[in-house]
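A.B. asks: Build the 3D model from these lines:
(one chain, ligands or ions: 1)
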Amino acid sequence: MSVNGILICPVCRGALIRKEKSYFCNGAKKHCFDISSSGHTNLYPGRVSGGDDKKAVKSRTDFLNLGFYLPLAQKLCDILGDLSTGQSVIDAGCGEGYYSNMIAKNIGASVFGFDLSKEAIISASRSAKRQGISNANFFVGGIYDLPVKEDSADAVVNIFAPCAEKEFSRILKRGGRLVVVTAGKNHLLGLKRAVYETVYTNEARADMPENMKLIESFNLSYNIEIEGADSIRNLFSMTPYSYRTSERDMQKLMALEHLETEIEFDIFVYAKEDEI
Ligand SMILES: C[S@@+](CC[C@H](N)C(=O)[O-])C[C@H]1O[C@@H](n2cnc3c(N)ncnc32)[C@H](O)[C@@H]1O
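C.D. replies: So this is what the prediction gives:
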């Protein structure tokens, strides 16, 4: 699937066609969206608010580049492995494109990453360029209203980002798959033990698909050891705890130089509800 044929204009919903360094829609007003020098395009209608800031993006990039979550990237490539050139994967809430680029590199399909965070999308595009990946495209866009044609995507991946079931179902082809990754029960338990006096396991997410059909699920768990205060802080800043930790507990985090922790991902594969 080339970029032509899947994207629609965020303003008038006409088809978006790439011509050199811009996308033009085929609507009456011929809306135009330029491709930036980093390779990304802003397809968000209006002023963007929300999404991760530069600091959060840098922390996550630095942590992911250490390879601790590589088993998850590999598992996603296995799940999507039968998609090939001419097919499409939407990464909804792709962040800095760690998984999008890994998927693009390992399977032939075209990957379209969307995120509200311009900083994350710039970082994703630059990373694709650096790695010589030409089948990943990145866009500033909201996942509840994706500029993607209905029934056009072969797969949607949604990794640690809000899950927009209705929208994902709209854009998926019949036979397409939605892959949702969430934190498993014991994910980062060791990190929590090191910082908090009372520790709770993770609960199931409240925004999981309700009307799509769950066809497969996987649990991926292993332990990691992290050396160095910066890497531990980067991991912590990727979690929701970073917004709600007391000063006293933050001091415990700051003092950590070595951490052993559980990693646990739950991976759910869904089909469109009218399919089965
Ligand atoms: C925890 S990060 C996960 C990023 C990436 N999937 C990963 O696992 O590395 C969640 C991402 O969702 C994005 N996000 C949150 N709400 C969004 C929305 N409504 N539309 C698009 N992106 C959104 C954030 O900007 C952030 O990059």
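A.B. asks: Can you give me every residue that contacts T85?
C.D. replies: Residues in contact with T85 (C-beta atoms under 8 Å, 6 or more residues apart in numbering) are 108-110, 135. Glycine gets a C-beta too; all of them are placed from N, C-alpha and C.
A.B. asks: Phi and psi next, for the residue in the chain that the ligand sits nearest to.
C.D. replies: Here the chain gets closest to the ligand at one residue, G95, 2.7 Å apart by C-beta to the nearest ligand atom. For G95, the backbone dihedrals are phi 60, psi -140 (criterion: degrees, to the nearest 10).
A.B. asks: With N211 instead?
C.D. replies: phi -110, psi -10.
A.B. asks: so who does it touch?
C.D. replies: The contact partners of N211, by C-beta under 8 Å, 6+ apart, come to 165, 169, 273.
A.B. asks: picking that back up, could you dump the contacts of T85 to JSON lines with distance to the ligand and pLDDT?
C.D. replies: Supplementary listing: those in JSON lines, determined by distance: C-beta to the nearest ligand atom, whole Å; pLDDT from 0 to 100:
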{"residue": "G108", "distance to the ligand": "21", "pLDDT": "88"}
{"residue": "A109", "distance to the ligand": "17", "pLDDT": "94"}
{"residue": "S110", "distance to the ligand": "18", "pLDDT": "95"}
{"residue": "N135", "distance to the ligand": "18", "pLDDT": "95"}
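A.B. asks: Tell me which two of those residues sit farthest apart.
C.D. replies: Comparing all pairs in the contacts of T85 by C-beta to C-beta, the longest separation belongs to G108 and S110, at 8.5 Å.
A.B. asks: If you count surrounding residues, which of those two has more?
C.D. replies: Per other C-beta atoms under 10 Å, whichever of G108 and S110 has more neighbours is S110, with 23 against 12.
A.B. asks: ok, what's across the strand from the more buried one?
C.D. replies: Legend: beta-bridge partners of S110 under DSSP bridges are S88.
A.B. asks: so, in contact with the ligand or not, stretch 155-168?
C.D. replies: Yes. Remark: stretch 155-168 sits within contact range of the ligand at 159-162, by C-beta under 6 Å from any ligand atom.
A.B. asks: Beta-bridge partners for A15, please?
C.D. replies: When bridges are assigned using DSSP bridges, the partners listed for A15 are I8.
A.B. asks: how about it, what does it touch?
C.D. replies: 4-5, 7-9, 25-26, 149.
A.B. asks: How about N158?
C.D. replies: With C-beta under 8 Å, 6+ apart as the criterion, the residues that contact N158 are 91-93, 143, 164, 168, 178-181.
A.B. asks: In helices, which of the residues you listed fall?
C.D. replies: Within the contacts of N158, residues falling in helices by DSSP state H are F168.
A.B. asks: TSV for the contacts of N158, including neighbour count, distance to T261 and pLDDT?
C.D. replies: As requested, the contacts of N158 are arranged in TSV below (neighbours: other C-beta atoms under 10 Å; distance: C-beta to C-beta, whole Å; pLDDT from 0 to 100):
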residue	neighbour count	distance to T261	pLDDT
D91	30	26	98
A92	28	27	98
G93	23	24	97
I143	21	29	97
A164	21	30	98
F168	27	31	98
L178	27	28	98
V179	21	24	98
V180	26	23	98
V181	21	18	98
